[in-house]
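Novice: Okay, structure incoming, though there's no sequence with it:
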DNA sequence: CCTGTTGCTGTAATCGTTTGCAGTCGAAGT
DNA sequence: ACTTCGACTGCAAACGATTACAGCAACAGG
């Protein structure tokens, strides 16, 4: 059935279709891409020949000719972090509506790997890149260099010293909601468990936490600011540190993401610290597992679909005009999701 | 600094480098790819010019010429399932060692989406495809068609009616370990919570469960075989069904994956069914969250790195020889990880 | 001096598709 | 009858990199 010649894996080319239909490759191309004028008879003949041979376009050749791949690259710090995978899912949906596909890369939380990924996406002529930078400063050069070559938008996190589009949430506003809620639940002191200040999320969230806690007069001791990484293990370690301190843990532990919060609640169980009775705990991101914690986590829900849609829109816009317009920084306001790890109506 | 001409986004081409260095494109290519004889002087001149212009190869053009992209495609049923993401991570590592990259696609658990993804990967001339088919029968045609065109290996799951390489675990042997362990812990009756029999994992695991339970004389009622999907929600629903039945749940609930098991333990807490006191629960896959369950899940650890390494090896082998060799079916034996959701030493 | 060899470099074809340009042909306008 | 036009169609040149082949110089051996 299939013709197998040449070294290209036996694929049928446009000229074989042309030969079989007795026309030129130009006509075949016009029929198959639906561009240009072609008579009904030709259209039929070509279509028939293409079907018979099982022709499929070679998008490499097409991409070379068009310098457009209909593919967008995305780089995330860690593909095993559920927040990023659900973000990826949202982005994929948003792209699907434009007939584009996603080329996903994992930076393994390492700026050097990240730089390699960005370079290789650029070499592959993707139409644009969506990146959530893994490091708040070290990711800078590679991101900026890539942005100089093709449309790029940063998602969720932002790296300093770069001038590109960005879409994410307003971390400060989110933290205000969190602190207000904890305060209403009776918390008068609070700890913060985040990651080392190597990315914007962490910085911003800590900043928001500090500011609002100060506004409300909540006690925040220096030794209650615990910075490690975005992992369950780190959350567990943080609780160990807090529990060991004289006076025990504060009234609330605010976590920079849900993984940390899951670690915190788990460690609290192990240390027999009642949540939310003795300590209230909050997360961030609202990953699927947040509701599975014991107790289920109160957390900040990121509007992933909105974030993804805006990012895709920005990329499309950037691809459109040659002149780089002014940069857009879009901060969406997230929503607090109250579950069982905090006290809703004030102290019982 | 950068020259911006043409419609390719202002990228520097090999001929611009050649012009600047005062040599032919052939020489530039030879220098840059390190193939062929070039004098030291030329090498220096070309290198210098390339650096000055910030040249980067256009891998689209290279791919067209070489009909090789150094890219492998991977299609997974759901990118939000932690098992698959960690498998992806392993595959990426394994490929990295060969200087290849991964093009990841999400099939959204839908064979039609899957078929589209496979076709588009093939159109993009990836060197090979790794797929974990989302459906046990409906994925067949697309998978087979793709396998006819280029090297393909199925991972973890296997779809009926196809003739391709496969790497996964021996589900039957795994289930034997699970049942033996539960039996040693005193279980004399057991339920199975899996997904509808639309994929091989589910089928095989159920088969293994049935066989070994029968061997050991464990009671297995028809209404204890609960099939839904691979999700936490389904695990919760399954417990609701079991708890409502007269006589209550059996001594053990064997789950086809960890997500289901997490739902099961969660629902048991809600229904005040003691785990492992009243009911023992097991999972499958050993995702990171398995140890976070309350209680931590006893589960089957899949040797992800081995699986990934074998898959990459098979692809490389298939890419090497033109004649398709005999198919390899590699079943690795997984390891049981005992945690707190089962009784280790027999009934207390 | 002629031939063969080695070492380097350039010319041009090639991968598969798209598309500007030019050519053909029949129909319509003058 | 002679443009003019429009609808089609084909020719051939791109896109950017790789590479077989040929050409050239220098040099060794006969």
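Specialist: Okay, I see it. Since this is a predicted model, take the numbers as computed values, not measurements.

Novice: where are the low-confidence patches of chain A?
Specialist: Filtered on pLDDT under 70, chain A yields the residue ranges A:1-10, A:321-324, A:345-348.

Novice: OK, contacts around the residue in the stretch 151-300 of chain A that chain B sits nearest to?
Specialist: Closest to chain B within the stretch 151-300 of chain A is residue A:294: 4.5 Å, counting by Cβ to the nearest Cβ. Where C-beta positions appear, they are placed from N, C-alpha and C, glycine not excepted. If you count contacts by Cβ atoms under 8 Å, 6 or more residues apart in numbering or on different chains, residue A:294 has them with A:265-266, A:269, B:269, B:294.

Novice: That one: what secondary structure?
Specialist: The three-state label given to residue A:294 by DSSP: H, G, I helix; E, B strand; the rest coil is coil.

Novice: Okay, and the residue lying closest to residue A:263 once chain neighbours are set aside sits in which element?
Specialist: Once flanking residues are discounted, residue A:263 sits nearest to residue A:235: 2.2 Å by Cβ to Cβ, 6 or more residues apart in numbering or on different chains. Residue A:235 is located in helix A:232-244, with elements delineated by DSSP states H and E.

Novice: what separates that helix from the chain centre, distance-wise?
Specialist: 27 Å (Cα atoms, centre = their mean, to the nearest Å).

Novice: What segments of the stretch 51-200 of chain A are helices?
Specialist: For the stretch 51-200 of chain A, the helices defined by DSSP state H, counting those that start in this stretch cover A:59-66, A:82-96, A:111-123, A:140-149, A:171-184, A:200-215.

Novice: Check the contacts of residue A:294 against DNA strand D and report the nearest one.
Specialist: residue A:266 (51.5 Å; Cβ to the nearest atom of the strand).

Novice: Return the distance of the closest one relative to residue A:309.
Specialist: 34 Å (Cβ to Cβ, to the nearest Å).

Novice: ok, now residue A:337?
Specialist: 21 Å.

Novice: Residue A:32 now?
Specialist: Plainly put, residue A:32 is 31 Å away from residue A:309 if you go by Cβ to Cβ.

Novice: Over to residue A:183?
Specialist: 33 Å.

Novice: do the same with residue A:236
Specialist: From residue A:236 over to residue A:309 (counting by Cβ to Cβ), the distance is 36 Å.

Novice: Also residue A:243?
Specialist: Applying Cβ to Cβ to residue A:243 and residue A:309 gives a distance of 43 Å.

Novice: Around DNA strand D, pick out the residues from chain A.
Specialist: Residues of chain A lying close to DNA strand D (Cβ under 7 Å from any atom of the strand) are A:22-27, A:30, A:36-39, A:41-42, A:61, A:64-65, A:67.

Novice: buried subset of the residues you listed?
Specialist: Neighbour-count burial (16 or more other Cβ atoms under 10 Å in any protein chain shown) applied to those gives A:23, A:27, A:30, A:38, A:42, A:61, A:64.

Novice: how about the nearest residue to the second one, chain neighbours excluded?
Specialist: If you skip the residues right next to it in sequence, residue A:27 has residue A:42 as its closest partner in space, 5.9 Å away by Cβ to Cβ, 6+ apart.

Novice: Name the SS class of the one you found, please.
Specialist: helix.

Novice: From what I see, it and residue A:26 are in contact.
Specialist: No: applying Cβ atoms under 8 Å as the test, residue A:42 and residue A:26 come out as separate, 11.0 Å apart.

Novice: Ramachandran angles for residue A:274?
Specialist: When read as degrees, to the nearest 10, the backbone of residue A:274 gives phi -70, psi 130.

Novice: And residue A:266 and residue A:309? Which one has more around it.
Specialist: Between residue A:266 and residue A:309, counted using other Cβ atoms under 10 Å in any protein chain shown, the more crowded position is residue A:266 (22 against 18).

Novice: Which positions in stretch A:238-258 come out as buried?
Specialist: Here stretch A:238-258 shows A:238-239, A:241-243, A:249-258 as buried, counting by 16+ other Cβ under 10 Å.

Novice: Just give the nearest non-adjacent residue to residue A:121, would you?
Specialist: Per Cβ to Cβ, 6+ apart, closest to residue A:121 is residue A:73, 3.6 Å.

Novice: Might one say that the one you found is in contact with residue A:124?
Specialist: Yes: the pair residue A:73 / residue A:124 is scored as a contact, 7.4 Å apart, by Cβ under 8 Å.

Novice: which neighbours do these two share?
Specialist: Counting by Cβ under 8 Å, 6+ apart, the residues touching both residue A:73 and residue A:124 are residue A:103.

Novice: The two - which one has more neighbours?
Specialist: The neighbour count for residue A:73 versus residue A:124, taken as other Cβ under 10 Å, is higher for residue A:73 (26 against 21).

Novice: Bridged to that one, which residues?
Specialist: residue A:103, residue A:129 (DSSP bridges).

Novice: tell me the contacts of it?
Specialist: Counting by Cβ under 8 Å, 6+ apart, residue A:73 touches A:102-105, A:117-118, A:121, A:124, A:126, A:128-130.

Novice: Top of those by number of neighbours, please.
Specialist: residue A:130 (30 neighbours).

Novice: Residue A:266: what's it in contact with?
Specialist: With the criterion set at Cβ under 8 Å, 6+ apart, residue A:266 makes contact with A:232, A:235-236, A:293-294, B:292, B:294.

Novice: Spell out which residues of the stretch 51-200 of chain A are next to chain B.
Specialist: Proximity of the stretch 51-200 of chain A to chain B, by Cβ under 8 Å from any Cβ of the partner chain, involves residues A:56-61, A:63-64, A:67, A:69, A:71, A:79-80, A:82, A:85-86, A:88-89, A:92, A:101-106, A:119-120, A:122-125, A:148-150.

Novice: what's the spacing between the residue in the stretch 151-300 of chain A that DNA strand C sits nearest to and residue A:169?
Specialist: For the stretch 151-300 of chain A and DNA strand C, the shortest gap (Cβ to the nearest atom of the strand) falls at residue A:151, measuring 19.8 Å. Distance, residue A:151 to residue A:169, by Cβ to Cβ: 22 Å.

Novice: ditto for residue A:283
Specialist: In terms of Cβ to Cβ, residue A:283 sits 14 Å off from residue A:169.

Novice: Same question for residue A:271.
Specialist: 31 Å.

Novice: Pick out whichever of the two has more residues nearby.
Specialist: Neighbour count, other Cβ under 10 Å: between residue A:271 and residue A:169, residue A:169 has more, with 26 against 17.

Novice: so what's the more buried one up against?
Specialist: A:156, A:300, A:302-303, A:307, A:331-334.

Novice: again with residue A:299
Specialist: With Cβ under 8 Å, 6+ apart, residue A:299 has these contacts: A:258, A:261, A:282-286, A:290, A:336-337, A:339.
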